[in-house]
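**Student:** 3D model of this:
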Amino acid sequence: MTAYHHVSDPALVREVLRRAEDFGPGNALTAVEPLAPAARRVLARSGFALPPVLASATGQLHRTVRGVVARFFSPARVAAREESVRSLTRQVLDRELPAGTGDLALVTRTVPAAALAPLIGVDPARLPPGEQLHRWSLDGLVLFWGRPGPEHQVELAHSAAAFSSWLAGLVEDTRRDPATVFGALGAAGIDVVRLRSLAFFLLIAGQTTTGLLVNTVLHRALAEPAAWRAAAAGADALVAEALAEDSSVPTWRRSCPADTELDGRTVPAGTELLLHLSGHGGGAGLAFGHGLHRCLGAQLARSESAWMVEEIARAVPHARSGGAGPRLELLSFSAPLTVPIETPAGSARRPAP
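**Tutor:** Residues are numbered from 1 along each chain as shown. Have a look, this model is predicted:
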């Protein structure tokens, strides 16, 4: 098991992330638990590969990819999705929880993917069914950030291989269209293997982590009737509090390629650092990282989460928590997987307009 050098002080976390040459991102996407040979063979047979391309890349490659991808997540493009996200939230809520009782995660597993697809130039109709994409994404998170045993790794590897094969088809169909993120990157000289690598984590980070964040915000708001009432009027503050105190991405990794210093102490070459991004009073700004590798989807995640929570709170104003359910607890991902709610008999349910 890797012995991480933990960094919790917000100022030091920012310093580590700012000093990209001293503390590299090469381990950001490597499997926490080294993959067993049988799991590696499953991935190899499918052509699965994750060469550095964005979160784990450096230098000119990183700058090129980041510059292209950033255009697809511009403030204007994100703001333009507001009404569609709100409308879709109401529609899915009406379909999945018509009586105001059930699991709100059925909404949070569906809306973020449908919101992400148009931003990156992909027709939402091209996406696999919501539950399939959700399962592929969770399996990918567990494979790379969990500690599964060898047999479980093989199961997860088969899931990752199936997801990767579907993504390969998506990339192939869109990489010549400059209106898509994969086409724009292809035009910038990014090869198809790296496009597939980007697609794997872009699809996971762009929708699953947002859904998990919304789950967290909903749980926190439902715990206090006053907070739930306030959410209907505006959820920005609730989202900011969740990001600061209980982010769905509470930690991130960095590695030290050469001896360096941090906080007056020597950090030896080869040290792996675990940066604590939330839960220490550092503010919501660290939840999405800092510096050259700050999450490009930060505004989308914050805005979309607030829009969804507001619409849900307005639709089921008398909802109360149905209790705690299972949680995802991985090295860098933590959130409730379900959000059960109950609505008292006779309470008003506000259908979608």
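**Student:** shaky segments in the stretch 101-250 of the chain?
**Tutor:** Counting by pLDDT under 70, not a single residue of the stretch 101-250 of the chain qualifies.
**Student:** how about the strands of it, start to end?
**Tutor:** With DSSP state E, counting those that start in this stretch, the ranges of strands along the stretch 101-250 of the chain come out as 102-103.
**Student:** isn't residue 318 up against residue 232?
**Tutor:** No: if you go by Cβ atoms under 8 Å, residue 318 and residue 232 don't touch, sitting 11.1 Å apart. C-betas here are computed from N, CA, C, even on glycine.
**Student:** helices of the stretch 251-353 of the chain, start to end?
**Tutor:** 298-315 (DSSP state H, counting those that start in this stretch).
**Student:** what ranges in it fall below the confidence cut-off?
**Tutor:** Across the stretch 251-353 of the chain (using pLDDT under 70), the flagged ranges come out as 281-284, 345-353.
**Student:** select the longest helix from the protein.
**Tutor:** Counting by DSSP state H, the longest helix found in the chain is helix 150-174.
**Student:** for that one, list every residue counted as buried.
**Tutor:** 152-154, 156-157, 159-164, 166-168, 170-171, 174 (16 or more other Cβ atoms under 10 Å).
**Student:** for it, packing partners?
**Tutor:** helix 37-45, helix 130-145, helix 181-187, helix 192-203 (3 or more Cβ pairs under 8 Å, 6 or more residues apart in numbering; DSSP states H and E).
**Student:** count the residues that sit near the nearest residue to residue 252 once chain neighbours are set aside.
**Tutor:** Nearest residue to residue 252, sequence neighbours excluded (Cβ to Cβ, 6 or more residues apart in numbering): residue 275, at 5.1 Å. By other Cβ atoms under 10 Å, 25 other residues sit near residue 275.
**Student:** who's in contact with residue 275?
**Tutor:** 7, 13, 16-17, 251-254 (Cβ atoms under 8 Å, 6 or more residues apart in numbering).
**Student:** same question for residue 215.
**Tutor:** 104-105, 108, 248, 335-339.
**Student:** residue 102 versus that one, what's the distance?
**Tutor:** Distance of residue 215 to residue 102, given as Cβ to Cβ, to the nearest Å: 14 Å.
**Student:** if we can go back for a sec, from residue 258, how far out is the residue nearest to residue 252?
**Tutor:** 19 Å.
**Student:** just give me the closest of the contacts of residue 215 to residue 306.
**Tutor:** Closest approach to residue 306 among the contacts of residue 215 (Cβ to Cβ): residue 108, at 13.2 Å.
**Student:** give me the neighbour count for residue 58.
**Tutor:** Neighbour tally, residue 58, other Cβ under 10 Å: 16.
**Student:** one more: the one 5 residues further on?
**Tutor:** Summarising burial for residue 63: neighbours were counted as other Cβ under 10 Å, giving 12.
**Student:** element containing it?
**Tutor:** Using DSSP states H and E, residue 63 maps to helix 59-72.
**Student:** okay, angle between that helix and helix 298-315 too, please.
**Tutor:** For helix 59-72 against helix 298-315, the angle by axes from the mean of the first three to the mean of the last three Cα atoms, to 10 degrees is 30 degrees.
**Student:** packing partners for helix 59-72?
**Tutor:** helix 181-187, helix 192-203.
**Student:** quick check: angle from it to helix 192-203?
**Tutor:** 50 degrees.
**Student:** and helix 59-72, how far out from the chain middle?
**Tutor:** 19 Å (Cα atoms, centre = their mean, to the nearest Å).
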